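A.B. asks: Requesting a structural model of the entry that follows:
(chains A and B)
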Amino acid sequence: MSAPLTASQAVALVARREFVTQVKSRSFVIGIVFTLVIFAVVAGVVVFISSQTEEHTLGITPSASGLQPTLEQLAAQQDVTLRVVDVDEDAGRAQVAGDELDALLSGGTAGYQLLYRDAVDSSLTPVVAAAAQQAALSTALTDAGVDPATVAASAQVDPTTIEPVDPERGQQLAVALGGTFLLFMGLQYAAGVAGGVVEEKQSRVVELLLATIKPWHLLTGKVIGIGAAGLLTMVILGAIAGGIGAAAGLLTLPTAAVGMLVMVLVWYLIGFFLFAAVYAALGSTVSRQEELQPLIAPMVFLVIIPFILTLNLLPSDPRNPILAVLSYVPFLSQTVMPARYALGVAPLWEVALSALIAVAAIAVVVRVAARIYRNSILRTGARVSLREALRSR
Amino acid sequence: MLEIGGLSKRFGPVQALDGVTFSVRPGEVFGFVGSNGAGKTTTMRIVLGVLSADAGEVRWQGRPVDADLRRRIGYMPEERGLYPKMKVGDQLRYLAQLHGLPAAEAQSAVERWTERLGVSGRLGDEVQKLSLGNQQRVQLSAALVHDPEVLVLDEPFSGLDPTAVEVMSSVLRDKAGTGVPVIFSSHQLELVERLCDRIGIISAGRMVATGSVEELRARDGRVVLDVEGPPPGWADGLAGVEVLDAPGPATRLRLHPDTDDQQVLAAAVAAGPVHEFRRWRPPLTELYRDVVESSVPTAVPA
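C.D. replies: Prediction:
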């Protein structure tokens, strides 16, 4: 004999169906594999680029070879890898044209010429220019009876920092970007709520469901089920990426990574509920999948914009004031704030404050979205305007 | 008893339902007929709470139908409603559980009903892979898996082949046999006539007739006779008699209420040998046409 379902039983049944449907679907596995491939490619490119020590090969003609000791000394000071090759002028020109040499230095104390093939190297030129200048100065100073070493000592500049230079900056950056990327992937699941709502409306199965459970049971179950599938994806991806990083010795800060993973999961839940509520409301106003795309396109930008800003601005400027402001704005904060936290520029109280603002936003957004959903979900045919959906009972 | 009392519903400028009232007794198969847009689907959706009425109420066993009672109604929506990409078995089990069946009971109910409806071999297939007829059998299974106390089916027979119609008919009769009131809508009037204990005819949002086929026939009060034998035209000009068009060799007469059929018989015998003289029982199709035509005020003067 059947007994009436409690609200939590109804929600749990719906959530389980949504979760199982998501996890069993082909796109779930494909999504994870695809993301891992992207991870691997990005990591590969980064490793490749950083392994490319930029070595400059400079040909020097006999007339300019007096500059060689100064050149090598300055290059070492400025972290420029320099290999100096002695050539004569004609052979040197040919080798520059043939890309065997990056540049050819010729001329002498009356003036130097630095010859490139088709582009001036912005790190090599200043080294050569400084060497020429220093050589000229030394000669002039010696001629004037001044010891060049004295002058050099009084012109010494020593850079220091107030706070100690963080030796883990690179690690933090990797963790921050990894977390941001995970969040971006996880939030894609929110769009699945819109698709699911429209599927039920289009196939009319919603009529069958709402004859036995309430709209909010269905909506809540759907959001929880799909959200859980997204969470599982992120845990799997985070564990794989972290595991590989640790195994390869790239990740030497396991506590920071775990802390960031927890931070990412909490912010995922906040962001997911916000976006899922809006997606559900939008989905409930249309009757066919084809009508959905133009409606949710602006939402896609809302996910992508903070992601791109974070990726572009934060690595070079963790204290960027624009991002600091955005990290408090609901719908954006879930992407920006965890990255600022991982880079150590946002203390926990800032994170908590931003989370509080986002949770308050959820309370409002969910209420409005549930109202739109309830009023639109059984209305098929023409798209229900948002104003109409909000007004009717 | 399922009582539908005074349901009214307006969609913008359209009065979709205007005081729709009828009742269905336990164990009764009730056929709900009417042209497209007459209000059948709207009525059924209100019974299921999928739509709310502007006025009126639905009662089952004397109590207004609320969420808990609705859970015990079996419903088949007009536009079929199943997840296209979900497997038949998973889907039916899910719906049974949403109606409050424990998992084990849901499983056995799914097996029982899909067996009965001839789709037990398709439990592992996605709904969208099934033929339309089989999808419909699954849809009926979905309405039955939670052992409902009331069945409300919107066009359960549309698009079914004759075998499926037989299976579906016998299932509905059996359900009614267990004391369940069964309401279904259909445009197949022969089927409705054969299957239903009572019939409700709705036109432009109003119930225009309710009752058994016999009662619908008696509603008119006038007798129609088929007389075979006398030469054509024998009844022209006969007092108190209207000659109707009829297929075949018989002459069809509608008698005015105070006309004595014995006098008509005498006139027939006088006109020629009478081989057949019988009361004509119009089928539901004709009753329906008469009822709907007489209910719609014909505003077109000839």
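
A.B. asks: rest of the way, CA atoms for contacts and neighbours
C.D. replies: Noted.

A.B. asks: Quick one: name the residues of the stretch 51-200 of chain B near chain A.
C.D. replies: Contact residues, the stretch 51-200 of chain B versus chain A (CA under 8 Å from any CA of the partner chain): B:51, B:67-68, B:70-71, B:75-77, B:79-84, B:94-95, B:97-102, B:146.

A.B. asks: Filter the residues you listed down to the buried ones.
C.D. replies: Buried subset of those (neighbour count, 16 or more other CA atoms under 10 Å in any protein chain shown): B:51, B:67, B:70-71, B:75-77, B:80-84, B:94-95, B:97-101, B:146.

A.B. asks: Now, the residues you listed that are in strands?
C.D. replies: Of those, the ones assigned to strands by DSSP state E are B:Y75, B:M76.

A.B. asks: returning to what we had before: let's see which of the residues of the stretch 51-200 of chain B next to chain A end up in helices.
C.D. replies: In helices, defined here by DSSP state H, the members of these are B:A67, B:D68, B:R70, B:Y94, B:L95, B:Q97, B:L98.

A.B. asks: any idea how far A:G271 lies from A:A369?
C.D. replies: 15 Å (CA to CA, to the nearest Å).

A.B. asks: what's the answer for B:L140, then?
C.D. replies: Using CA to CA, B:L140 is found at 33 Å from A:A369.

A.B. asks: For the chain, give me the ranges with low pLDDT.
C.D. replies: I'll assume chain A. A:1-2, A:50-54, A:166-167, A:249-254, A:381, A:392-393 (pLDDT under 70).

A.B. asks: oops, I was thinking of chain B
C.D. replies: B:296-302.

A.B. asks: phi, psi of the residue of the stretch 101-250 of chain B found nearest chain A?
C.D. replies: When scored by CA to the nearest CA, the stretch 101-250 of chain B has B:L101 as its residue closest to chain A, at 4.6 Å. Torsion angles at B:L101 (phi, psi; degrees, to the nearest 10) stand at phi -80, psi 140.

A.B. asks: State whether it and A:A3 are indeed in contact, as I suppose.
C.D. replies: Yes. The criterion here is CA atoms under 8 Å, and B:L101 meets it with A:A3 at 6.8 Å.

A.B. asks: who are the neighbours in contact with whatever residue of chain A ends up closest to chain B?
C.D. replies: The nearest approach of chain A to chain B comes at A:V205, 3.7 Å away (CA to the nearest CA). Listed by CA atoms under 8 Å, 6 or more residues apart in numbering or on different chains, the contact partners of A:V205 are B:R80, B:G81, B:L82, B:Y83.

A.B. asks: Hmm, the first one is touching A:Q202, no?
C.D. replies: Meaning B:R80. No. The pair B:R80 / A:Q202 is not scored as a contact, 10.2 Å apart, by CA under 8 Å.

A.B. asks: anything in contact with each of those two?
C.D. replies: Contacts common to B:R80 and A:Q202, judged by CA under 8 Å, 6+ apart, are absent.

A.B. asks: Show me the helices in the stretch 51-200 of chain A, by range?
C.D. replies: Assigned by DSSP state H, counting those that start in this stretch, the stretch 51-200 of chain A shows helices spanning A:68-77, A:89-97, A:124-143, A:148-154, A:169-202.

A.B. asks: Strands along chain B, start to end?
C.D. replies: B:2-11, B:14-24, B:29-33, B:55-60, B:63-64, B:73-76, B:150-153, B:182-185, B:198-203, B:206-211, B:224-228, B:241-244, B:251-255, B:276-279.

A.B. asks: now the angle from the helix or strand where A:K222 lies to helix A:169-202?
C.D. replies: Element membership of A:K222, judged by DSSP states H and E, is helix A:215-247. Put simply, helix A:215-247 runs at 150 degrees to helix A:169-202, going by axes from the mean of the first three to the mean of the last three CA atoms, to 10 degrees.

A.B. asks: From the contacts of A:V205, pick the one nearest A:E388.
C.D. replies: Distances from A:E388 to the contacts of A:V205, taken as CA to CA, are shortest for B:G81 (25.5 Å).

A.B. asks: which residues does the residue in the stretch 1-150 of chain B positioned nearest to chain A contact?
C.D. replies: For the stretch 1-150 of chain B and chain A, the shortest gap (CA to the nearest CA) falls at B:G81, measuring 3.7 Å. Neighbour list for B:G81: A:S203, A:R204, A:V205, A:V206, A:E207, A:L208, B:Q139 [criterion: CA under 8 Å, 6+ apart].

A.B. asks: Now with 6 Å, please.
C.D. replies: Contact analysis of B:G81 by CA atoms under 6 Å, 6 or more residues apart in numbering or on different chains lists A:S203, A:R204, A:V205.

A.B. asks: How about the first one, nearest residue that isn't a chain neighbour?
C.D. replies: Nearest in space to A:S203, with sequence neighbours left out and distances taken as CA to CA, 6 or more residues apart in numbering or on different chains, is B:G81 at 5.4 Å.

A.B. asks: Equivalent analysis for B:P231, please.
C.D. replies: Per CA to CA, 6+ apart, closest to B:P231 is B:G272, 6.8 Å.

A.B. asks: now do B:Q107
C.D. replies: According to CA to CA, 6+ apart, the nearest residue to B:Q107 is B:R93 (6.0 Å).

A.B. asks: can you list the residues of chain A near chain B?
C.D. replies: Residues of chain A found near chain B (CA under 6 Å from any CA of the partner chain) are A:S2, A:A3, A:P4, A:L5, A:S203, A:R204, A:V205, A:A211, A:T212.
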